[in-house]
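Q: 3D model of this:
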Amino acid sequence: SCILSRGLGDVYKRQPQAFAGWLRNDADAPGRWVLSLVGGGRRERVAWLAAGLLQSLPPDDHRARSEWAARVAGHAGCEELVAEVASSWGKQNPQQALDWLEGLAQGGAPSAAAEKIFSDWAETDPAMASTHLTQMAAGPAKDRAMGLLAKAIYRDDPEIARLWASSIADENLRQITRRLLGETVPAVGDKIPGLLSQAE
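A: Presented below is the predicted three-dimensional model:
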């Protein structure tokens, strides 16, 4: 750990390689060391080292990456790290990535990463996305997902889209989404003006 403790400079530029070598010798020690720095007034350094450890893990090893991201998820400065893991995983398996994010979320609060994954999924596979949606717990995240699904499927199935929009529990979001769907009827091409920025 003395090598990794040297301060800023070339060592940090090579930190993923340094972490990779350390992980080969002791899979748990690097994570313990990074977390031991939490609370020492080194918030930015902790976030940087946490990101370096993540980069040392194979990009397709979503299990290891998500386990590490979950360990640092509550620490200041590590939000982007969690989003990076979720986004990468979501491209391969949106169901698992969303389940993981929902497990991390407190009180069902929607996250930008979850919404982006779900929005892309609703565009490419609306049937599977809607199945996932029916299994979500009621709350803000589910309401936002229903709005995203309604917008994604409106062009191909406007009646089902309106049903999803009408199912949104939050009255304000429900009205915004329903008005949005109503305004897409004229020929506006792929650009949906006005309410789109309010609903997203």
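
Q: Let me know the next secondary structure element after the helix or strand encompassing residue 159.
A: Applying DSSP states H and E as the criterion places residue 159 in helix 158-166. Once the chain leaves helix 158-166, the next helix or strand it forms, by DSSP H and E, is helix 171-183.

Q: quick one: buried residues of that following helix?
A: Neighbour counts over helix 171-183 (16 or more other Cβ atoms under 10 Å) mark 173-174, 176-178, 180-181 as buried. (Each C-beta comes from the backbone N, C-alpha and C, glycine too.)

Q: I'd like those residues as a markdown table, with distance to residue 90 and pLDDT appended.
A: Formatted as a markdown table, the buried residues of helix 171-183 follow (distance: Cβ to Cβ, whole Å; pLDDT from 0 to 100):
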| residue | distance to residue 90 | pLDDT |
| --- | --- | --- |
| 173 | 23 | 94 |
| 174 | 26 | 93 |
| 176 | 25 | 93 |
| 177 | 23 | 93 |
| 178 | 28 | 91 |
| 180 | 24 | 88 |
| 181 | 25 | 89 |
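
Q: Distance to residue 76 for those - can I get that in a markdown table?
A: Converted to a markdown table, the buried residues of helix 171-183 look like this (distance: Cβ to Cβ, whole Å):
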| residue | distance to residue 76 |
| --- | --- |
| 173 | 29 |
| 174 | 34 |
| 176 | 32 |
| 177 | 33 |
| 178 | 38 |
| 180 | 35 |
| 181 | 39 |
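
Q: where along this protein do the helices fall?
A: Assignment of helices within the chain using DSSP state H yields the ranges 10-13, 15-25, 29-36, 43-56, 62-72, 79-92, 94-104, 112-124, 126-135, 140-153, 158-166, 171-183, 195-199.

Q: Could you point out which residue ranges in the chain have low pLDDT?
A: The chain contains residues with pLDDT under 70 at 1-16, 40-42, 105-110, 183-200.

Q: residues touching the most centrally placed residue in the chain, list them.
A: Centroid-nearest residue in the chain: residue 113, 2.7 Å away (criterion: Cα atoms, centre = their mean). Residue 113 is in contact with 82-83, 86-87, 90, 101, counting by Cβ atoms under 8 Å, 6 or more residues apart in numbering.

Q: Write the ChimeraX selection for whichever of those residues are buried.
A: Selection of buried members from those for ChimeraX, criterion 16+ other Cβ under 10 Å:
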select :82,83,86,90,101
